[in-house]
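quick one, structure for this:
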Amino acid sequence: MAQPTRVTLPFNFIGLPALSVPCGFSPRGTPVGMQLAAKPFAEDILLRLGYAYQKATEWHAAAPPLL
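Residues are numbered from 1 along each chain as shown. Below you'll find the model as predicted:
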């Protein structure tokens, strides 16, 4: 299984809505995302949660450190 899809595949397979929001940088400077998932047909709750997280943090506006 391809590395980028290993954490999203289960949600896609069973049809649950999922959302990734930026939450920092790895020690190597690459962006890190936090995946949120909700029950079926709860996209509205999921999007509100992601929006609230972005309002409470600045990760969505942060640039990766220069190497």
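
list the buried residues of the one helix or strand in the chain whose mean pLDDT sits lowest.
One helix or strand of the chain scores below all others by mean pLDDT, DSSP states H and E: helix 9-14, with a mean of 85. Across helix 9-14, burial judged by 16 or more other CB atoms under 10 Å covers F11. In this view, the C-beta of every residue, glycine as well, is placed from N, C-alpha and C.

cool, and stretch 16-30?
Those would be P17, L19, V21, P22, for stretch 16-30 by 16+ other CB under 10 Å.

format the CA atom coordinates belonging to stretch 32-45 as CSV.
Once non-C-alpha atoms are left out, stretch 32-45 reads as follows in CSV (Å, rounded to 0.1, in the frame of the first residue of the first chain):
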residue,chain,number,x,y,z
VAL,A,32,2.4,17.4,9.5
GLY,A,33,-1.4,17.1,9.4
MET,A,34,-3.9,15.9,11.9
GLN,A,35,-6.7,13.8,10.5
LEU,A,36,-10.2,14.2,11.9
ALA,A,37,-13.0,11.7,11.2
ALA,A,38,-16.7,11.8,11.9
LYS,A,39,-19.7,9.5,11.8
PRO,A,40,-21.6,9.1,8.5
PHE,A,41,-23.3,12.2,7.2
ALA,A,42,-21.7,14.4,9.9
GLU,A,43,-19.6,16.5,7.5
ASP,A,44,-21.0,19.7,9.0
ILE,A,45,-19.7,18.8,12.4
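
now it: average pLDDT?
Averaging pLDDT along stretch 32-45 yields 94.

hmm, back to that, which one of the buried residues of stretch 16-30 sits closest to F41?
Nearest to F41, judged by CB to CB, of those is P17 at 7.9 Å.

cool, thanks, talk later.
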